[in-house]
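Novice: sharing a sequence plus its predicted fold:
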Amino acid sequence: MSASAEPSIVVGCMPDDRGDDAVALAGVLARQLGWGVTLAYIQPESWPGTPVGAVDAEWAAFLRAEADQILDGAVRRLQVVAPDVPYRRAVHAHRGSGRGLGELAERRGAALVVVGSAPEGHHGRVAVGSTADQLLHGSPVPVALAPWGYSAAVPSRLSRTTLAFHRSARSAATLMCGSLLSNRLGTGLRLVTVLARPKRFFGGLQHAGVEEQMFQVARDQMLADLDEAAESMGPRVSADVELAEGDDIPSALAAVDWTDELLVCSVSDVGPLTRVFVGDVSSKIIRSAEVPVVVFPRGARLDVWR
């Protein structure tokens, strides 16, 4: 089956559960977005230690066979999850798997890259390994991360897009990205702000009272920011708002009700202007999420999402 016209989704294929999870998420997204999928395998550029331009026939044959085997498996998995989604195969040589996927996505004019979690991840959570880390710090297109075990219980469709919102200089761009993705997917939209209670710095009832007052001020401000953000999206966009509170980010997110949805995580206010850069808070949110996460880079072309 040949792939349909762009936009499309590039999915990083691996010969293990990580590959299954990535293909499953890509299939759900592609089916709902009406896009095609590029099943991609990033292989080494050459035999380690050989001079530039040297060709080892046996090594090249091994790489071809390995790529065929991995992509054959990816095709079978995609046809189980989304049999009607058009696809194509791609093998790209690069020293870094994440950088290779980003390069391939840029060359193919893709709109999204999907990868699975790192091997050391926990079930139901996103673990950022070297591939995802390279993408999050250098992808020219949005990146979707599948949690461990996602392929075992793939939803028939995504019902909601949740945007991790924090008021900053990037707020307007973040809201736009979340709104565009939700509209494209045809899902409900929710804005969630995480409020982690800081550790006690001082003892005594008096200091505890002061800290509680400061915490209440922060809570009130965040609730006001959420309401203002939802209102700023205009009358045609209906967004629910929720303040997630906890002793830390994982406990705050654990208290949130998660359905069949995506979590859109904002980029940091620092970093290259046209590249993804995940800050400390965003990084913790990604690793604590119980659902797939999508990160939009700065300067991303948004025309395909409109």
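Specialist: Yep, that arrived.
Novice: next up, the contacts around the residue lying closest to residue 11 once chain neighbours are set aside.
Specialist: Spatial nearest neighbour of residue 11, chain neighbours left out: residue 26 (3.9 Å); criterion: CB to CB, 6 or more residues apart in numbering. Every residue, glycine included, has its C-beta placed from N, CA and C. Applying CB atoms under 8 Å, 6 or more residues apart in numbering to residue 26 gives the contacts 9, 11, 37, 78, 114, 144.
Novice: now do residue 105
Specialist: 10, 112-113, 139-141.
Novice: the helices in the stretch 101-250 of the chain, which residues?
Specialist: Using DSSP state H, counting those that start in this stretch, the helices of the stretch 101-250 of the chain run over residues 130-136, 171-185, 205-232, 249-254.
Novice: helices or strands up against the helix or strand following the last one?
Specialist: Okay, so that is helix 249-254. Following helix 249-254 in sequence order, the next helix or strand is strand 261-265 (DSSP states H and E). Counting contacts by 3 or more CB pairs under 8 Å, 6 or more residues apart in numbering; DSSP states H and E, strand 261-265 packs against strand 160-164, helix 171-185, helix 280-288, strand 293-295.
Novice: the same query, at a cut-off of 6 Å, please.
Specialist: strand 160-164, helix 280-288, strand 293-295 (3 or more CB pairs under 6 Å, 6 or more residues apart in numbering; DSSP states H and E).
Novice: out of these, which is closest to residue 85?
Specialist: With CB to CB as the measure, strand 293-295 is the member of these nearest residue 85 (18.1 Å).
Novice: which ones are touching residue 33?
Specialist: Residue 33 sits next to residue 184 when contact means CB atoms under 6 Å, 6 or more residues apart in numbering.
Novice: roughly how far apart are it and residue 7?
Specialist: Applying CB to CB, to the nearest Å, the value for residue 33 to residue 7 is 8 Å.
Novice: point out where the stretch 201-306 of the chain drops to low pLDDT.
Specialist: Flagging of the stretch 201-306 of the chain using pLDDT under 70 yields the residue ranges 201-208, 266-281, 298-303.
Novice: swap in 90 and give it another go.
Specialist: 201-216, 218, 234-237, 247-249, 259, 265-290, 295-306 (pLDDT under 90).
Novice: and for the stretch 51-200 of the chain?
Specialist: By pLDDT under 90, the weakly predicted segments of the stretch 51-200 of the chain are 51-63, 95, 109, 118-124, 127-130, 132-141, 153, 166-178, 180, 196-200.
Novice: switch the cut-off to 50
Specialist: Flagging of the stretch 51-200 of the chain using pLDDT under 50 yields the residue ranges 52.
Novice: need the contacts of residue 26 in CSV (columns: neighbour count and distance to residue 232).
Specialist: Output for the contacts of residue 26, formatted as CSV (neighbours: other CB atoms under 10 Å; distance: CB to CB, whole Å):
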residue, neighbour count, distance to residue 232
9, 28, 29
11, 32, 34
37, 29, 34
78, 22, 38
114, 30, 30
144, 21, 26
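Novice: residue 214: neighbour count?
Specialist: Residue 214: 11 surrounding residues under other CB atoms under 10 Å.
Novice: how near is it to residue 195?
Specialist: Distance of residue 214 to residue 195, computed by CB to CB: 12 Å.
Novice: same thing with residue 94?
Specialist: With CB to CB as the criterion, residue 94 and residue 195 are 41 Å apart.
Novice: same check, this time on residue 17
Specialist: In terms of CB to CB, residue 17 sits 34 Å off from residue 195.
Novice: and what of residue 182?
Specialist: Distance, residue 182 to residue 195, using CB to CB: 23 Å.
Novice: between those two, which one's more packed in?
Specialist: With neighbours defined as other CB under 10 Å, residue 182 and residue 195 compare such that residue 182 has more, 24 against 17.
Novice: wait, what's in contact with the more buried one?
Specialist: By CB under 6 Å, 6+ apart, the contact list for residue 182 reads 161, 189.
Novice: right, I'll leave it there.
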